[in-house]
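In: here are the coordinates; sequence isn't available:
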């Protein structure tokens, strides 16, 4: 019975089923309280829905605010194109379209368990892998957002976690096709959620450094140095090539360089402007979307964004001390759900909302503890995992923050929480070997790997890991 229970707890298929069931159950429970027509219209009443409507009606990638304003680069293209395809099949702003989009989000969010499990397995073995996947399957943010936001968030979570898994798997891969696939994965991710691009330099640099380090002293030779950088450079080149068609389209339409999306000046202005009330609990409460849409329609996208850039940078330059305070509030909001978490917890209208605040506070502390634990154990992979919570949120500290924006890195946060928790519950430390990063290339070869892991020798590529899914 004990063995069967352990097998069930470590089963990726069971974790997937629970993750899918939790998200579907939440969607069903919420939809019962909302009229179908409201779901069909309000859920798409934002830039994604508006651009998808224009695409479905044959007007091209345009009109982010449901006015005839012409071509736009307000969003990256992948997710609006997916929603446009849903509109073509199920109708524009219909209950069927909403449920199709919500189902896609739920599948993406639950599917995160697969790359997260294999990433955890490479870092610390099956126990760590299962713990991370269970945490994500039941994490409130991951359960709620697929229904609450018809946006690229859930797809971005899947892509970000797959990138983490692929980065760890490529550590010991020499096959060019693996690196080409890695570049294509990055291209898809950037054309979906450009903010993930902040991770690319760090993960590619880590892969290059690992290859450099494994060469030992002889890597000082120029030929070997070029060889160590060849595969990461190949992946970076493929990634850049994926962006060329969209960037070329933007240049033709707007006569300026817009590599992915154009709305950063507006996002910067939202959190840094003369309209906000720095003394109120919600510093953005005085900003009205209707006023901004009217100004956008009057000026056009290019002139509107240029104006917002001047206003935002001028505000930042003139209010340096206030900007530090606002940055701190955005940091707190990103990790705890509110810039005033104690007041928000006290004033919460239900125990469930209080539970959300507590869960996110524990996740933040767990991520920090997990980073420290991996470095303390001299694990081979703390850097690529810690890059996600350390680097990715930085752009939101400058603009504006919410738990929704953090969602793409939450699986990595769960993985770090698991790295901190698993040793506390492991009865016998010798039951699952704790590998250490070797101090030299010779030690790494002797250990039978590319730097060791906490739970045994990893397989050679993501494809091989996926094949092993049948045996989990």
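Out: Perfect, I can see it now. All figures in this text were calculated on a predicted structure; none of them were measured in a lab.
In: now what about the strand or helix carrying residue 17, what contacts it?
Out: For residue 17, the element it lies in under DSSP states H and E is helix 12-31. Outside helix 12-31, the residues within contact range by CB atoms under 8 Å, 6 or more residues apart in numbering are 8, 39, 102, 106-107, 109-114, 117, 130, 133-134, 136-138, 142-144, 146-148, 469, 472. All C-beta atoms are positioned from the backbone trio N, CA, C, and that covers glycine.
In: which members of those residues occur in helices, if any?
Out: Taking DSSP state H, the ones among those that sit in helices are 8, 39, 102, 106-107, 109-111, 113-114, 117, 130, 133-134, 136-138, 142-144, 146-148.
In: and the contacts of helix 12-31, which are buried?
Out: Buried members of the contacts of helix 12-31, scored by 16 or more other CB atoms under 10 Å, are 39, 102, 106-107, 109-114, 117, 130, 133-134, 136-137, 142-144, 146-148, 472.
In: now do the SS call for the closest residue to residue 412 other than its chain neighbours.
Out: If you skip the residues right next to it in sequence, residue 412 has residue 388 as its closest partner in space, 3.7 Å away by CB to CB, 6 or more residues apart in numbering. Of the three states, residue 388 takes helix according to DSSP: H, G, I helix; E, B strand; the rest coil.
In: where does residue 388 land on pLDDT?
Out: At residue 388, the pLDDT value in this model is 97.
In: can you get me a residue count around it?
Out: By other CB atoms under 10 Å, the residues close to residue 388 number 27.
In: and it, how far from residue 312?
Out: Computed as CB to CB, to the nearest Å, the residue 388 to residue 312 distance reads 27 Å.
In: again with residue 357
Out: According to CB to CB, residue 357 stands 30 Å off from residue 312.
In: the two: which has the busier surroundings?
Out: residue 312 (23 against 18).
In: the more buried one: helix or strand, and which one exactly?
Out: Using DSSP H and E, residue 312 sits within helix 301-318.
In: that helix: what's the following helix or strand?
Out: Downstream of helix 301-318, the next assigned helix or strand under DSSP H and E is helix 320-336.
In: now residue 339, what are its backbone angles?
Out: Main-chain torsions, residue 339, degrees, to the nearest 10: phi -70, psi -20.
In: hang on, isn't it packed against residue 325?
Out: No: between residue 339 and residue 325 there is no contact under CB atoms under 8 Å: 9.9 Å.
In: looking at this protein, which helix or strand is least sure?
Out: Across the helices and strands of the chain, mean confidence by mean pLDDT, DSSP states H and E is lowest for helix 441-447: a mean of 32.
In: pLDDT weak spots in the protein?
Out: Counting by pLDDT under 70, the chain shows low-confidence ranges at 215-225, 276-288, 425-472.
In: got the phi/psi numbers for residue 260?
Out: Per degrees, to the nearest 10, the backbone of residue 260 is at phi -130, psi -60.
In: nope, residue 340 is what I meant
Out: Residue 340 adopts backbone torsions of phi -130, psi 70, taken as degrees, to the nearest 10.
In: list the buried residues for stretch 230-239?
Out: For stretch 230-239, using 16+ other CB under 10 Å, the buried residues are 231, 232, 234, 235, 236, 238, 239.
In: next step: those restricted to helices.
Out: Judged by DSSP H, helices contain the following of the buried residues of stretch 230-239: 231, 232, 234, 235, 236, 238, 239.
In: find the nearest non-adjacent residue to the first one, please.
Out: Distances taken as CB to CB, 6+ apart put residue 179 closest to residue 231, at 4.5 Å, once the chain neighbours are dropped.
In: contacting residues around that neighbour?
Out: By CB under 8 Å, 6+ apart, the contact list for residue 179 reads 170, 173, 231, 232, 234, 235, 238.
In: enumerate every residue touching the fifth one.
Out: Read that as residue 234. Residue 234 makes contacts with 176, 179, 180, 183, as judged by CB under 8 Å, 6+ apart.
In: nice, that's everything, thank you.
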